[in-house]
Every structure is written in C-alpha cells, then in structure tokens.
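> Got a predicted model here, sequence first, then my questions.
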Amino acid sequence: MGKGTLALRLVASDDRLWLSRSWTTRPRRANEDGSEYNFVERAAFEKAIDDDQFLEWAEFHGNLYGTPTPKAPDGSDVLLEIEVQGAEQVVNANPDAVVFLVLPPSMGHLEERLRGRGDSDDHVALRLSSTPHELAKGRELASYVVVNDDIDRATGEILSILEELRQLRRDPS
C-alpha cells in the first residue's frame, strides 16, 4: 500500500486532519474511481496556473500535478499528498511546513506497488530511474522520514508525531 492509502488512513484516524485533493492531467488508471484526484485537461490546469490557484504544482513525468490553495475547515491541519517538487515549493513558501518523506521498504516493493496499480513497463522504468534523485531531495526537505513497511505501523508513527507537534504548538516552552 502506497502513500495514497496512508493518507486516507491518516484522515480516517484523525478528525483534525484535512486531506487536500490535488489536480492532475494524467489519465485515470483502471483501478481508480476518480476520487483520488481532480482529473482535468491540460488546458484547464494551465489556466489555473495562470490564475494563481495553486499552492504548488509541478510537471512530473510528462503530467501536471498541483495542489489548489487549501480551504481547510478552521482548526484543521492540512495534509498534502505530493511529490518532492511540490514539497520543495511548499517549504519555500512556508518554512514552518512539516514534511514527511514516506519511503517504500525497498526498491523492489516500490516496483511491485507501481505494477500493482497498473502502471506500464515504461512508466515503471521511468519512476524507478528518477527515484534516487527524488529520495535524495526528499531527505533534504523532510522533517521526518517514515518507512511504509506496514500501513498500521506507519499510520501510528505519523499520528504520534503529529500529536507531539500539536502539543508543542499548544505549549511552545
């Protein structure tokens, strides 16, 4: 199970988390129901860029991905499920942002996840070739690194860190 599953588990486990729904120009995969992203045409995405509607956006392997400026309910912590390029933009705009780098247990597991969701051989090869650079950049940006080797353990680890951070916000001394 990948970072999308982890994000859904986090918001299901913590009513103070609000998951922002990203936009993408990539086609919907056969195993997706359409709730994973706002799937849009490239022209609509580019117009939203021109209209400054995104907190972050990036082109990743030929497709555009972006997070609209969040409109979370009051008192919520915003959870963004984004790639490293987007995380860098968020941190540049908001240096206090907390970044979790979620790692697969191994490159073999990553390949299995990509193939399991129906990615083409070419896309899998492209993703695997870009992973070392993404991981290096992600480690530079990350406040915390979590290995997603067990979905329940990874969820618990992140929730525990979030609770510690909330406690620090309430009592900064």
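Nice, thanks for sending it over.

> So which elements touch the helix or strand bottoming out on mean pLDDT in the chain?
In the chain, no helix or strand scores lower on mean pLDDT, DSSP states H and E than helix 107-116, which sits at a mean of 83. On a contact count with 3 or more C-beta pairs under 8 Å, 6 or more residues apart in numbering; DSSP states H and E, helix 107-116 meets helix 121-141. In this view, the C-beta of every residue, glycine as well, is placed from N, C-alpha and C.

> buried residues in the helix it packs on?
Neighbour counts over helix 121-141 (16 or more other C-beta atoms under 10 Å) mark Val124, Leu126, Arg127, Thr131, Leu135, Lys137, Gly138 as buried.

> Look up the closest residue to the second one, ignoring the ones flanking it.
Closest residue to Leu126 apart from its sequence neighbours, by C-beta to C-beta, 6 or more residues apart in numbering: His61 at 5.5 Å.

> the helices in this structure, which residues?
3-13, 42-50, 84-93, 107-116, 121-141, 151-170 (DSSP state H).

> What distance do you get for Gly108 to Arg115?
11 Å (C-beta to C-beta, to the nearest Å).

> Neighbour count: the two, which is higher?
Arg115 (13 against 9; other C-beta atoms under 10 Å).

> Not counting sequence-adjacent ones, nearest residue to that one?
Val124 (6.0 Å).

> for the residue nearest the centre of the chain, phi and psi?
Compute the mean C-alpha point of the chain, and by C-alpha atoms, centre = their mean the closest residue is Glu81, 2.0 Å away. Backbone torsions of Glu81, given as degrees, to the nearest 10, read phi -100, psi 90.

> my read: it touches Lys3, true?
Yes: contact criterion C-beta atoms under 8 Å: Glu81 and Lys3 qualify, at 5.9 Å.

> now the protein, which segments are flagged as low pLDDT?
1, 173 (pLDDT under 70).

> How much space separates the residue nearest to the residue nearest to the centre of the chain when sequence neighbours are not counted from Val98?
Using C-beta to C-beta, 6+ apart and skipping residues adjacent in sequence, the residue nearest Glu81 is Ala7, 4.5 Å away. Going from Ala7 to Val98 by C-beta to C-beta gives 14 Å.
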